[in-house]
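> Build the 3D model from these lines:
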Amino acid sequence: MGTIHKTGCVLCAQNCGLEVEVENNRIVKVRGDKDNPRSKGYVCRKGLNIAWHQHGSDRLTHPLKKVNGKFERISWDQAIAEIAAKLKEIVGTHGPKSYAYVGGGGQGCHFDAAFGVRIMRGLGSRYHYSALAQELTGIFWASGRFTGRQYLFTVPDEHRSDMLVAIGWNGMQSHQMPRAPLVLREFSKNPDKVLLVIDPRRSETAEVADIHLAVRPGTDALLTRAMIAIILHEGWQNKEYIEKHVSGFQEIEPWFRNFDAQAAVKVCELDYEEVRKACRLLSTRRWGMHTDLGVYMNRHSTVGSYLHLLLAAICGTFCVPGGNVIPGHLMPIGAHTDERDPKTWRTVETGFPALMGVFPPNVLPERAPGEGAGGPLQPVQSPALLRGHHGL
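So this is what the prediction gives:
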């Protein structure tokens with residue numbers, strides 16, 4: 001028998017506790033750590049298969065350099081020296097905007113992001129292209145408008161909720177919450193709790209839900225606007241909460257006045273009375289909301305995220321126990337970069353602003369190897385240091 005070590009999985013944001021058995025410096029067995037206060041022994045298949053990632057046959061363990069079409073092993077000293085020389089040449093010739101860092105998109109990339117961002121800023125560049133900017137900048141932008149900082153986003157306080165709302169989120173499969181399948185089943189089976197799912201597909205989460213609103217694909221923002229209009233029309237909003245904690249509501253309230261919610265719900269291909277029933281529950285219960293890629297990667301994702309937060313605010317569940325709360329962190333996942341600030345960098349070719357300090361990778365091809373204001377963005381022909389990460 002090998003030595004048992006307690007550790008944590010880094011393959012999603014929940015960081016479930018693991019106990020790993022190690023023999024001859026290799027992981028031979030993995031199980032959930034029952035002593036972990038968050039996961040309490042729960043672990044999904046990703047965590048159980050970390051040995052495959054740790055000891056994968058295609059994982060790079062030393063620098064490689066392509067010579068005459070083939071990769072050859074070189075020393076760390078040679079790799080670092082050649083990379084440094086190439087970076088110095090490119091940045092010296094074309095300026096800091098010719099350098100971009102691609103990577104550090106979240107879980108499993110903690111050290112990569114820390115070192116990569118430090119190097120980028122040390123060279124004077126702010127061009128950080130990350131998967132976060134291709135998936136989540138809509139919710140980051142909306143959070144910045146609601147809390148004042150894009151990195152102060154919210155998560156559901158499911159421990160103190162009596163209702164959980166899943167919008168474009170199939171937690172039974174994708175998790176995104178500690179012990180997600182167990183929590184969702186608890187909401188489903190507990191007669192004092194409600195699980196509401198808004199999703200076009202009858203997903204595994206929708207299968208166990210108390211209420212499933214099978215919204216027409218791409219109409220999430222329209223449905224949310226209709227739900228806000230219904231709540232305001234009925235006078236179900238939390239007036240005391242709005243008076244104490246919400247500023248600027250009078251400016252946007254006209255968006256919903258005289259809005260034809262019934263016609264909107266019809267476009268969403270839903271039953272109006274079912275939607276109205278859901279709105280009544282939202283206005284009377286302590287509910288937390290979990291949105292995911294079904295919204296973030298869909299049509300009108302940014303306005304949808306904004307309206308979801310507004311829905312929580314008018315119901316009085318934004319930043320309150322049992323609602324959606326701002327999680328603690330050792331360090332922010334990104335930087336607040338307001339596109340209204342002239343100091344916020346934009347992409348050279350497309351003019352897209354940084355949000356949460358990052359840019360979406362899908363605009364990068366527009367820049368390389370174009371001759372923009374910052375000069376050509378050229379790849380560094382340097383040794384490959386890490387699988388899946390490429391220097392620019």
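> Tell me how the protein divides into domains.
Domain assignment for the chain, taken from automatic domain parsing, gives 3-54, 154-325.
> for the stretch 151-300 of the chain, what spans make up the strands?
155-156, 163-167, 194-198, 211-213, 287-291 (DSSP state E, counting those that start in this stretch).
> Compute the number of surrounding residues for Gly95.
15 (other CB atoms under 10 Å). All C-beta spots, glycine's among them, are computed from the backbone N, C-alpha and C.
> any idea how far Glu186 is from Gly17?
20 Å (CB to CB, to the nearest Å).
> one step back: if you average pLDDT over each of the domains of the chain, which comes out lowest?
Lowest mean pLDDT within the domains of the chain: domain 3-54, at a mean of 92.
> Start and end of it, how far apart?
17 Å (CA to CA, to the nearest Å).
> can you check stretch 22-29 too?
7 Å.
> ditto for stretch 312-320
Note: stretch 312-320 ends 10 Å apart using CA to CA.
> what's the answer for stretch 332-341, then?
Start-to-end span of stretch 332-341 (CA to CA) is 20 Å.
> If you count neighbours, what's buried in stretch 226-235?
Neighbour counts using 16 or more other CB atoms under 10 Å place 226-233 of stretch 226-235 among the buried residues.
> Output those in CSV; the columns should cover distance to His329.
Converted to CSV, those look like this (distance: CB to CB, whole Å):
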residue, distance to His329
Ala226, 34
Met227, 31
Ile228, 30
Ala229, 35
Ile230, 35
Ile231, 32
Leu232, 34
His233, 39
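> returning to what we had before: Thr350 is nearest to which of the domains of the chain?
Between Thr350 and these, the shortest gap by CB to CB is with domain 154-325, which sits at 16.4 Å.
> any idea how far the nearest residue to Gly17 once chain neighbours are set aside lies from His290?
Spatial nearest neighbour of Gly17, excluding adjacent residues (CB to CB, 6 or more residues apart in numbering): Asn36 at 2.6 Å. Separation of Asn36 from His290 (CB to CB): 21 Å.
> What confidence value was assigned to Arg387?
At Arg387, the predicted lDDT confidence score is 32.
> in which helix or strand would I find Ile27?
Element membership for Ile27, per DSSP states H and E: strand 26-32.
> just checking, what packs against that strand?
strand 17-23, helix 45-48, helix 50-54 (3 or more CB pairs under 8 Å, 6 or more residues apart in numbering; DSSP states H and E).
> Let me have those in JSON lines, adding distance to Asn258 and mean neighbour count as columns.
What follows is the helices and strands packed on strand 26-32, written out as JSON lines (distance: least, CB to CB, whole Å; neighbours: other CB atoms under 10 Å):
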{"stretch": "strand 17-23", "distance to Asn258": "53", "mean neighbour count": "18"}
{"stretch": "helix 45-48", "distance to Asn258": "49", "mean neighbour count": "16"}
{"stretch": "helix 50-54", "distance to Asn258": "55", "mean neighbour count": "14"}
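> contacting residues around the nearest residue to Leu152 once chain neighbours are set aside?
Excluding the flanking residues, the one nearest Leu152 by CB to CB, 6+ apart is Ile326, at 5.2 Å. Contacts here follow CB atoms under 8 Å, 6 or more residues apart in numbering; on that basis Ile326 touches 147, 152-154, 319.
> Could you measure from Trp255 over to Arg225?
For Trp255 relative to Arg225 (CB to CB), the value is 7 Å.
> Of the two, which one has the most company?
Arg225 (21 against 13).
> In terms of helices and strands, where is the closest residue to the more buried one other than its chain neighbours?
Distance criterion CB to CB, 6+ apart; nearest residue to Arg225, sequence neighbours excluded, is Leu307 at 5.8 Å. Here Leu307, judged by DSSP H and E, is contained in helix 301-314.
> Strand 194-198 and that helix, what's the angle between them?
150 degrees (axes from the mean of the first three to the mean of the last three CA atoms, to 10 degrees).
> And helix 301-314, how far out from the chain middle?
16 Å (CA atoms, centre = their mean, to the nearest Å).
> can you map out the helices along the stretch 101-250 of the chain?
110-122, 132-135, 137-147, 171-174, 180-189, 204-207, 220-234, 239-245, 249-252 (DSSP state H, counting those that start in this stretch).
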